[in-house]
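# Just a sequence and a predicted model for now, questions to come.
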Amino acid sequence: TNKVPTDPYRGAGRPEATHLVERMVDLVAHEIGMDPVAIRRKNFIQPKEFPFTQNFGLVVDSGDYEKTLNRALELAGYDQLRKEQTEGRKHGKYMGIGLSTWIELCGFGPSAATAPATGGIALSEAAQVRVMPTGSVIVYTGTHAHGQGHETTFSQIVADTLGVPMESVDLRHGDTGEGTAMGYGTAGSRSLSVGGVAISRASGKVVDKARKLAAHILEAAEEDIVFDQGKFHVKGSPDKSKTFGEIAFAAYGAGLPEGMEQGLEAVAYFDPPNLVWPFGAHVCVVEVDPETGAVEIQKYVAVDDCGNIINPTIVEGQIHGGVTQGIGQALFEEMIYDEESGQLKTGTLIDYSVPTANEIPNLITDNTVTPSPTNELGVKGIGEAGTIAASAAVINAISDALTPFGIKHVDMPASPNRLWAQIKEARK
């Protein structure tokens with residue numbers, strides 16, 4: 001066949017599953033005359049029920065779904081929007097409000113769950129943290145960034161743990177010729193919750209060795225050495241101290257404690273005991289022109305929970321990118337083939353539509369924080385959240401707008417031609 005192959009896409013199955021579930025929830029709500037918000041609230045797992053074991057054995061680590069939904073509704077002004085919708089329909093305006101509440105299984109790697117399918121191979125992550133005599137730090141990781149911002153987030157973890165400037169951290173990945181770091185790689189929003197934890201643990205081991213050396217140099221018991229803001233000092237005597245850089249230099253010199261090797265580096269592996277489960281709630285507001293089928297997204301609100309947040313800017317960027325990608329799926333992107341010749345008709349960006357800044361509203365984003373108990377950083381994934389939620393939110397909004405026409409189902413992409421044809425048929 002000459003058709004495009006199927007391959008994992010941002011979200012890898014979660015956008016499809018969430019789209020199906022969220023569309024069904026809206027259809028059920030419409031059928032029984034219940035507000036889409038109320039039916040979701042009625043079916044949420046409650047915070048006190050976590051950890052929650054699903055019927056097929058997976059354990060959801062943590063969650064507070066109603067909190068994210070309430071915040072999204074607040075930011076959107078949901079009650080006022082419903083009033084405006086009712087009033088607008090009297091004047092021929094077809095506004096729609098769509099919801100999408102999502103949850104994702106990510107942090108893939110627990111050997112207890114994956115070993116039977118991998119022939120006993122652990123899908124863990126490794127990290128090596130090496131401090132040079134100058135105090136600069138080289139970090140080797142098995143995961144690889146392709147837009148997720150690992151260079152920033154991972155460097156921040158190391159810098160915070162070691163008390164060094166971020167600019168002194170050199171992150172190296174994707175090179176099998178150096179470093180000892182191994183891992184399953186970047187997929188399924190797992191890099192931070194698995195690879196980031198390995199980096200944190202390796203950094204902690206470096207601090208432990210540096211503390212032993214500091215105790216030797218400062219002539220104090222190891223348990224009396226305090227490490228704070230990049231300095232080691234003797235408890236109760238803050239003036240009796242050495243900087244992390246001084247300890248790093250000393251680690252490569254003479255006069256080390258008996259049994260201590262030269263150098264200051266450590267390797268750590270992390271095989272998570274469970275998956276992590278980020279979640280969120282998105283609200284999309286659209287207006288559909290019944291005469292042309294054109295859809296205008298008037299407002300988009302995304303409230304997501306990825307556990308503890310290492311870098312808010314990175315998180316927001318991931319949400320913006322994912323939502324834009326999801327909107328593209330819902331409204332624009334489609335592979336079209338000529339029925340007679342089988343030739344691809346949308347093979348270039350001239351014909352294959354993608355959203356531009358003109359079609360994307362100013363996204364309103366916020367976060368709630370429900371730390372994961374699965375790892376010491378309390379983090380979950382966030383890279384796929386936008387694509388998981390967006391298509392369902394957009395299509396639910398369009399379907400809501402077209403309720404007066406009796407239209408219950410809208411195919412993706414919801415192009416103007418497709419919607420205009422549906423509206424025309426419904427008016428007959």
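All right, it came through fine.
# For residue 181, give me the pLDDT.
Per-residue pLDDT puts residue 181 at 67.
# can you check residue 87 too?
96.
# and residue 92, backbone torsions?
Backbone torsions of residue 92, given as degrees, to the nearest 10, read phi 80, psi 20.
# So what's the residue count around it?
By other C-beta atoms under 10 Å, 10 other residues sit near residue 92. Quick note: C-beta positions are derived from backbone N, CA and C, even for glycine.
# Could you do residue 226 as well?
17.
# doesn't it fall inside a helix?
No. Checked against DSSP: H, G, I helix; E, B strand; the rest coil, residue 226 lies outside a helix; its state is strand.
# Any figure for the gap between it and residue 212?
14 Å (C-beta to C-beta, to the nearest Å).
# Worst mean pLDDT across the helices and strands of the chain, which element?
helix 111-118 (a mean of 80; mean pLDDT, DSSP states H and E).
# Which positions within that one qualify as buried?
111, 113, 114 (16 or more other C-beta atoms under 10 Å).
# Equivalent analysis for stretch 129-149, please.
Buried residues in stretch 129-149 (16+ other C-beta under 10 Å): 129-132, 135-143, 145, 148-149.
# cool, stretch 235-251 as well?
241, 242, 243, 244, 245, 246, 247, 248, 249, 250, 251.
# Can you give me the end-to-end span of it?
In stretch 235-251, first residue to last residue: 22 Å (C-alpha to C-alpha, to the nearest Å).
# how far is that stretch from where the chain is centred?
Centre-to-centre, stretch 235-251 and its host chain are 38 Å apart (C-alpha atoms, centre = their mean, to the nearest Å).
# Measure how buried the residue lying closest to residue 188 once chain neighbours are set aside is and give me the count.
Closest residue in space to residue 188, ignoring its immediate chain neighbours: residue 108 at 4.5 Å, by C-beta to C-beta, 6 or more residues apart in numbering. Using other C-beta under 10 Å, residue 108 is surrounded by 19 other residues.
# so what's the backbone phi/psi at residue 108?
phi -60, psi 130.
# for it, what are its contacts?
With contact set as C-beta atoms under 8 Å, 6 or more residues apart in numbering, residue 108 has these partners: 114, 123, 184, 187, 188, 190, 194, 275.
# Please tell me how far it sits from residue 277.
Plainly put, residue 108 is 12 Å away from residue 277 if you go by C-beta to C-beta.
# One more: residue 12?
Counting by C-beta to C-beta, the separation of residue 12 from residue 277 is 16 Å.
# Show me which of the two is the more surrounded one.
residue 277 (26 against 17).
# tell me the contacts of the closest residue to that one other than its chain neighbours?
Excluding the flanking residues, the one nearest residue 277 by C-beta to C-beta, 6+ apart is residue 60, at 4.9 Å. The neighbours of residue 60, taking C-beta under 8 Å, 6+ apart as the test, are 45, 50, 51, 52, 53, 54, 103, 277.
# cool, residue 109 as well?
So residue 109 contacts 122, 123, 124, 125, 184, 190, 194, 271, 272 (C-beta under 8 Å, 6+ apart).
# Which of these fall within strands?
residue 125 (DSSP state E).
# Would you format the contacts of residue 109 as a markdown table with distance to residue 390, neighbour count and pLDDT included?
Formatted as a markdown table, these follow (distance: C-beta to C-beta, whole Å; neighbours: other C-beta atoms under 10 Å; pLDDT from 0 to 100):
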| residue | distance to residue 390 | neighbour count | pLDDT |
| --- | --- | --- | --- |
| 122 | 34 | 17 | 81 |
| 123 | 28 | 21 | 84 |
| 124 | 32 | 20 | 88 |
| 125 | 28 | 29 | 90 |
| 184 | 27 | 21 | 81 |
| 190 | 21 | 26 | 88 |
| 194 | 25 | 33 | 94 |
| 271 | 33 | 18 | 92 |
| 272 | 27 | 24 | 93 |
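# Between the contacts of residue 109, which sits nearest residue 399?
residue 190 (33.3 Å; C-beta to C-beta).
# And the strands in the stretch 51-200 of the chain?
Taking DSSP state E, counting those that start in this stretch to define them, one finds strands in the stretch 51-200 of the chain at 52-53, 59-60, 94-103, 125-131, 137-141, 169-173.
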